[in-house]
Every structure is written in C-alpha cells, then in structure tokens.
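**Q** Everything below, folded, please.
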Amino acid sequence: MDLDVERVDVWAAPIKDQAGAVASLLKDLHRAGADLQFVIARRSPDVPGTGVVFVTPLQGEQETRAASRLGFNLTHSLHSIRIRGHDRAGIVGDLMQALADGGINLRGLSASVLGTQFIAYVGVDSSDDAMKAMDILGRL
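**A** The predicted model follows:
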C-alpha cells in the first residue's frame, strides 16, 4: 500500500465559546505565516463558556512565537501521526484494524477524503505507540 505516514506536532490553545474566537486565532496565525493543514475546535463540556482549538503544523520560529503569544502550546500528551494515501472504500477502517491488530489503542481519529486522496490524523497514548503505529502502517 502506498501511504505517506509521518509524525506531526499538535498545538492547542484555549478559546472562549463565542462567535469569532476561532477565526481570530486562525487569522493571527496566518499573519505570522502559518499554512495550517489541520484544524479542529470544540467546546469544553466540563467548563461552560470555553473550548479548545488544535492545529498542525506550526513551523519555524516566527510561527511558533506567534502561536505562543496567542496562547498555543505544543501538546506533549497528544502523540499524533498523519496518514495520506489513495482513497478506496474501507481504507481507514482497514488501517485502523491493522493498528488494533498491532495492539495500538487510539486516543483519537479524524479522517477525510478529497478527490481521490484520503488523509487521517491518529492520536495515540505515547511516543512509543506513535513509533509502533508508524512501523505497522509502513509495512502495509
């Protein structure tokens, strides 16, 4: 299987649960030169009125300095890999089954298809699990 599998750093920032909160942060990151490939934001159900936004990648000193100023931190507890490849029906299920068969427990999964390509971001529990997942997927 022809897959592009790589480790990615995920950055997170708290946000207010209000219109424009995510837009403001993303615009500021863009002004700093960030060309994001993945963004996910959600409310924090345990803390009403707040949420969190996750982004990747941030590269270079200018982007990371701007991100820090905006309240973003590199997440040390989220160990993530990005998987890209040619789409076919059932591909993500097959990949997740291969990880399960290898003993990898997922912390999170986000996947999408655009045209003939799929992309998936997988979160696992540790750096060792990320390396093991990359090895498993690299052998497919």
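**Q** Give me the most central residue, the chain.
**A** Tyr121 (5.1 Å; CA atoms, centre = their mean).
**Q** who are the neighbours in contact with that one?
**A** By CB atoms under 8 Å, 6 or more residues apart in numbering, Tyr121 lies in contact with 8, 38, 56, 80-83, 108-111. In short, each C-beta sits where N, CA and C put it, glycine included.
**Q** Find the residue closest to it in space, skipping its chain neighbours.
**A** Spatially, and ignoring its direct neighbours in sequence, Tyr121 is nearest to Ser110 (4.8 Å; CB to CB, 6 or more residues apart in numbering).
**Q** just to revisit the earlier point, give me the phi and psi for the residue nearest to the centre of the chain.
**A** The phi and psi values for Tyr121, taken as degrees, to the nearest 10, are phi -110, psi 130.
**Q** Going forward, the N-terminal residue is numbered 681.
**A** With 681 as the first residue, the last one maps to Tyr801.
**Q** gap between it and Met811?
**A** 16 Å (CB to CB, to the nearest Å).
**Q** How is this protein divided into domains?
**A** Taking automatic domain parsing as the criterion, the chain consists of the domains 691-754, 757-818.
**Q** number of nearby residues for His756?
**A** The tally of other residues near His756 (other CB atoms under 10 Å) stands at 9.
**Q** Where does it fall, secondary structure wise?
**A** Assigned by DSSP states H and E, His756 belongs to no helix or strand.
**Q** hang on, the earlier thing: could you check the pLDDT of the residue nearest to the centre of the chain?
**A** What the model reports as pLDDT for Tyr801 is 97.
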